[in-house]
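J.: Structure of the sequence below:
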Amino acid sequence: MDIRLTSTVLQIFAHDVQRSLEFYRLLGLAIPESNDPHVAVDLPGGNTLSFDTEDTIAGMHPGWAPPSSSGGRLALAFGVDSPAKVDGLFEKVTAAGHAGPLAPYDAPWGMRYATVTDPDGNWVDLFAPLES
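T.: Have a look, this model is predicted:
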């Protein structure tokens with residue numbers, strides 16, 4: 001049987017969906033205003049990022065409970081146009097009160113890189129190729 005994946009949806013199980021939506025709007029995602037317990041947004045490249053309340057996930061998966069650790073096991077990474085925009089986006093997000101565990105730096109693999117955390121502790125990496 002030849003099975004081919006046709007799409008990708010990354011899901012965030014949010015403690016507070018509205019707070020999460022505000023965070024991802026800071027990053028520049030065009031997220032519609034919504035009070036629904038499930039919100040989906042198109043990402044560059046044809047993928048989807050969705051947000052669900054913890055109650056929604058627990059209703060679908062009996063026995064599910066939020067992780068007890070604030071550290072995540074998944075990181076999202078968003079590319080931007082330039083190294084300066086990595087710095088600017090990091091400053092914008094941290095100035096809004098979100099943690100920035102990795103300040104912008106020039107990584108040895110040729111990218112400007114930084115990490116911020118969303119309201120649920122998920123890492124969000126920001127990157128851009130270094131100018132040569």
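
J.: Quick check: bridge partners of L76?
T.: Counting by DSSP bridges, L76 is bridged to V124.

J.: That one and D55, how far apart?
T.: Using Cβ to Cβ, to the nearest Å, one gets 23 Å for the distance from L76 to D55. C-beta: built from backbone N, CA, C; applies to glycine.

J.: The two - which one has more neighbours?
T.: Taking other Cβ atoms under 10 Å, L76 and D55 do not tie; L76 has more neighbours (17 against 10).

J.: My guess is the more buried one contacts L126. True?
T.: No: counting by Cβ atoms under 8 Å, L76 does not reach L126; the two are 9.9 Å apart.

J.: Just the residues contacting stretch 47-59, thanks.
T.: With contacts defined as Cβ atoms under 8 Å, 6 or more residues apart in numbering, stretch 47-59 is touched by 7-15, 17, 20-21, 24, 29, 37-43, 64-66, 76.

J.: just the buried members of those?
T.: 12-14, 17, 20-21, 24, 39-41, 76 (16 or more other Cβ atoms under 10 Å).

J.: Inside helices: which ones of those residues?
T.: Judged by DSSP state H, the subset of those located in helices is 17, 20-21, 24.

J.: now those residues in CSV, with distance to D87 and pLDDT?
T.: Shown next, in CSV, are these (distance: Cβ to Cβ, whole Å; pLDDT from 0 to 100):
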residue, distance to D87, pLDDT
V17, 29, 93
S20, 24, 94
L21, 24, 96
Y24, 19, 96
